[in-house]
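**Student:** Next one to model:
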Amino acid sequence: MANNAAIRVVVVTVPERLDQEWISRLAAEPEIARVDRVAATTAGVDLIQQTRPDLVIVDRDADQAEQMVRQVFTSLPTTICIAIIARVDTSILRRLVAVGARDVLGRPLQYAELIQSIRSLLATETDRRSRALIAFDGDRPRARGRLVVVISPKGGSGTTTIATNLAVGLRQVSASRVLLADCCLQFGDAGVHLNLWSKHTLVDLIDHLDDLDDAMISSVVQQHSSGTHVLLAPNTPDAAGDITGEQLSRVIDALLDRFSYVIADTWSFLDEVTATLVSRADDVLVVTTPEVPSLKNVKRFLEFIQREGLVHGKITLVINRFPSVDGIALDDVKQHLRHPIGANIPSEGRLVTHSVNRGIPVVLTHPESWVGQSLLKLAAHVAGEQVATLTLAPARPRSKGLAALIERRGLFGFARRES
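**Tutor:** Next up, the predicted model:
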């Protein structure tokens, strides 16, 4: 590669290939300044347009790669695109080159071939590289973020587990700025699930509603090891009674101005605060489990919010711990709720319990497990990707050596963060 270069790379792949070895090796190259991994094409286009990288590597199937390369080349013709596809033939090569790909490589990828391609392309495109390295203008008006509310009218349905994994998963698949807001105001557990604690919480922002600038927000919001930002719930239950829906709405406004996604974990009461969040949400994930009490409450909840016109965004019904032993059948769930099931999170209690007890989301501890893949696909769905989020069987046998691999990579070693 060229000397003294500071090369910015975006890799657009799929959720199950986010952790490929060649991506990590590429990131370790001395001339590479940064490698962002994205598993959602919509989020990938947004990231590319904002950061203007030197190089985009599209690791998708041929049709998706063609569409992605065309979008990049049309908006940023100075950005080099390399496509990685399963089978390279003359027809596919011609199509990809026609829309702007500078090279097309086959899968499985040979790392030496990739590096040689990058060296060659950058050596002949130094003028394009210098223009592409212009830093993103921080004064440019920022697109307003999306508010995603995770809620269940039945306690114990796993909303916090889903919300924390969704936030971290969104950070992984979109490489966007993601914030998890713990809006379970009395007994919020998001900090426990992420092994975070701070004396600074939502209350600090409520107390300074007229001073919600970057400095104030950054002093209160915590950053998880995954890069996800977290706004913790109040440390004492009595503080919840002093927070109104209008106050929380002002905080949400300030956060949406600064983050691409704000994930709000909520409690099971449809009070003023929760109703405010639901009414403002771009996406509402309604969580249920395959048991009669949970299904009964969810049905009443869906009927109420639709009758009252409370929700203006998209509703996705997520059935957690399904399939599970002795759980109600999917057809019976659909018949009872009379609402399409948008996604399911399988029952893998051992992995999830281990994850929660360690304070590390399962999308990090066991990303290739069935539950890990389901949560990553849900994150990709929220990011606008067309993925199959309803899976009643694992896509492939899970590797027995995965836990050992993750252990070696240090994913169990995130330090507790305090401030």
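
**Student:** tell me the contacts of A175?
**Tutor:** Counting by CB atoms under 8 Å, 6 or more residues apart in numbering, A175 makes contact with 10, 36-38, 43-44, 47. (Glycine included, C-beta is placed from N, CA and C.)

**Student:** ok, it to V220 distance?
**Tutor:** Counting by CB to CB, to the nearest Å, the gap from A175 to V220 is 24 Å.

**Student:** rewinding a little: between the contacts of A175, identify the one with the most neighbours.
**Tutor:** Ranked by neighbour count (other CB atoms under 10 Å), these have G44 at the top, with 29 neighbours.

**Student:** just the helices in the stretch 1-150 of the chain please.
**Tutor:** With DSSP state H, counting those that start in this stretch, the ranges of helices along the stretch 1-150 of the chain come out as 21-28, 41-51, 62-75, 90-98, 111-123, 126-132.

**Student:** same deal with the stretch 151-300 of the chain?
**Tutor:** 159-174, 190-193, 202-206, 214-220, 245-256, 272-280, 292-307.

**Student:** which intervals of the protein have sub-threshold pLDDT?
**Tutor:** Residue ranges of the chain with pLDDT under 70: 1-5, 125-142, 395-419.

**Student:** repeat that with 80
**Tutor:** Within the chain, the stretches with pLDDT under 80 are 1-6, 124-143, 325-327, 395-419.

**Student:** thinking again about what came up before, kindly compare burial across the helices of the stretch 151-300 of the chain and name the winner.
**Tutor:** Mean neighbours per residue, mean count of other CB atoms under 10 Å, is largest over these for helix 159-174, with a mean of 28.

**Student:** Send over that helix as CSV, restricted to the C-alpha atoms.
**Tutor:** This file holds the C-alpha atoms of helix 159-174, laid out as CSV (Å, rounded to 0.1, in the frame of the first residue of the first chain):
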residue,chain,number,x,y,z
THR,A,159,-37.5,-6.7,26.9
THR,A,160,-34.3,-5.6,28.5
THR,A,161,-32.4,-8.5,27.1
ILE,A,162,-33.8,-7.7,23.6
ALA,A,163,-33.2,-4.0,24.0
THR,A,164,-29.6,-4.3,25.1
ASN,A,165,-28.7,-6.8,22.4
LEU,A,166,-30.6,-4.8,19.8
ALA,A,167,-28.6,-1.7,20.6
VAL,A,168,-25.3,-3.5,20.5
GLY,A,169,-26.4,-5.4,17.4
LEU,A,170,-27.4,-2.2,15.6
ARG,A,171,-24.0,-0.7,16.4
GLN,A,172,-22.5,-3.8,14.8
VAL,A,173,-24.6,-4.1,11.7
SER,A,174,-24.9,-0.3,10.9
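
**Student:** now it and helix 41-51, what's the angle there?
**Tutor:** Inter-element angle recorded for helix 159-174 and helix 41-51: 60 degrees (by axes from the mean of the first three to the mean of the last three CA atoms, to 10 degrees).

**Student:** Dihedrals phi and psi, V387?
**Tutor:** In terms of degrees, to the nearest 10, the main-chain angles of V387 are phi -130, psi 160.

**Student:** Tally up the residues packed near it, please.
**Tutor:** 19.

**Student:** please renumber so the chain begins at 442
**Tutor:** Let's use 442 as the start, then, which means that last one is V828.

**Student:** residues in contact with it?
**Tutor:** V828 touches 456, 818, 821-822, counting by CB under 8 Å, 6+ apart.

**Student:** and what of L620?
**Tutor:** L620 touches 608, 662, 669-672, 696, 699-700, 702-704, counting by CB under 8 Å, 6+ apart.
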